[in-house]
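K.L.:
coords please:
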Amino acid sequence: MELLLSKELMRYAKELELEYYEEFLPPEEREEARRTQSFKIDVTHLIILCQEKLVLNDEGVPDSFVEQHREIVERWLDEHYSFIQLENISGLIRRTLQLSTLTAKDTPSAQTNLYISEASRAYIHGFQNASVAMSRAALEQAVKERLGRQGDGEENMLGSLLKDAKKWKILSKTGAECAWDLKEKTNKVLHESPVKDEEAALEILVGVRSLLEEIYTADGRF
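P.N.:
Modelled structure (predicted):
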């Protein structure tokens with residue numbers, strides 16, 4: 001069986017690292033080089049952590065350090081993200097193949113397609129809570145659009161939109177029930193408890209994608 005490109009690239013990257021330690025460094029310098037590598041990895045992870053979330057004042061890497069050592073930090077980040085992306089490829093493939101083709105009779109607006117596209121991409125790349133948030137946005141936008149309320153300046157709550165979508169046959173009885181269930185689930189994720197596993201995010205994403213197909217295929221409209 002032909003080796004996947006990502007596996008070939010990972011093997012090559014690891015070989016380069018091994019050659020550095022085993023061929024280009026004398027034995028007495030290898031241990032010191034490994035300690036330096038460990039320090040580099042720790043600092044790189046800390047820099048990323050400080051950029052991604054709030055940390056205590058004395059726990060972060062000062063911006064001055066990053067600016068003073070910009071070229072070195074960029075090289076460290078390049079190495080880190082290269083390995084991370086290679087390691088993640090199998091997961092990207094698996095999650096992509098969990099989704100089916102998304103089709104409907106009518107074409108959604110660019111805004112709706114952007115929301116569901118970002119929801120799908122977030123899921124594929126492993127950002128499950130972001131996927132839930134964008135799935136919710138896609139559902140709300142789709143119903144609002146089909147009801148003719150896009151840009152009307154009114155505050156349209158999702159619950160009210162779903163009731164009208166059922167009334168005007170944009171959603172079937174079953175579809176409306178599913179949409180209401182998804183509303184409750186996304187409310188919980190966004191306001192109370194983030195999703196803890198991939199399956200929960202996938203369930204929400206697949207449910208919303210299915211509803212979008214119904215919404216943009218239904219004959220009813222406001």
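K.L.:
which residue ranges of the protein form helices?
P.N.:
Counting by DSSP state H, the chain has helices at residues 5-22, 27-52, 63-68, 70-97, 110-124, 128-146, 158-167, 173-191, 198-215.
K.L.:
can you flag the weakest of these by average pLDDT?
P.N.:
Ranked by mean pLDDT, these end with helix 5-22 at the bottom, a mean of 80.
K.L.:
between helix 70-97 and it, find me the angle.
P.N.:
For helix 5-22 against helix 70-97, the angle by axes from the mean of the first three to the mean of the last three C-alpha atoms, to 10 degrees is 150 degrees.
K.L.:
ok and helix 5-22 relative to helix 27-52, angle-wise?
P.N.:
Using the same axes, to 10 degrees: helix 5-22 against helix 27-52 is 130 degrees.
K.L.:
now do the buried residues in helix 5-22.
P.N.:
Judged by neighbour count using 16 or more other C-beta atoms under 10 Å, the buried positions of helix 5-22 are Ser6, Met10. To be clear about C-beta, it is placed using only N, CA and C from the backbone, and glycine gets the same treatment.
K.L.:
off-centre distance for that helix?
P.N.:
Centroid displacement of helix 5-22 relative to its chain, using C-alpha atoms, centre = their mean, to the nearest Å, is 28 Å.
K.L.:
with just CA atoms, put that helix into CSV.
P.N.:
Extracted in CSV, the C-alpha atoms of helix 5-22 (Å, rounded to 0.1, in the frame of the first residue of the first chain):
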residue,chain,number,x,y,z
LEU,A,5,2.1,12.0,1.8
SER,A,6,1.5,13.2,5.4
LYS,A,7,3.2,10.1,6.7
GLU,A,8,6.1,10.5,4.3
LEU,A,9,6.6,14.1,5.4
MET,A,10,6.4,13.2,9.1
ARG,A,11,9.0,10.5,8.6
TYR,A,12,11.3,12.8,6.8
ALA,A,13,10.9,15.5,9.4
LYS,A,14,11.8,13.1,12.2
GLU,A,15,14.7,11.8,10.2
LEU,A,16,16.1,15.3,9.9
GLU,A,17,15.8,15.8,13.6
LEU,A,18,17.5,12.4,14.3
GLU,A,19,20.3,13.1,11.9
TYR,A,20,21.0,16.4,13.7
TYR,A,21,21.5,14.6,17.0
GLU,A,22,23.2,11.5,15.8
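K.L.:
with that, I have no additional questions.
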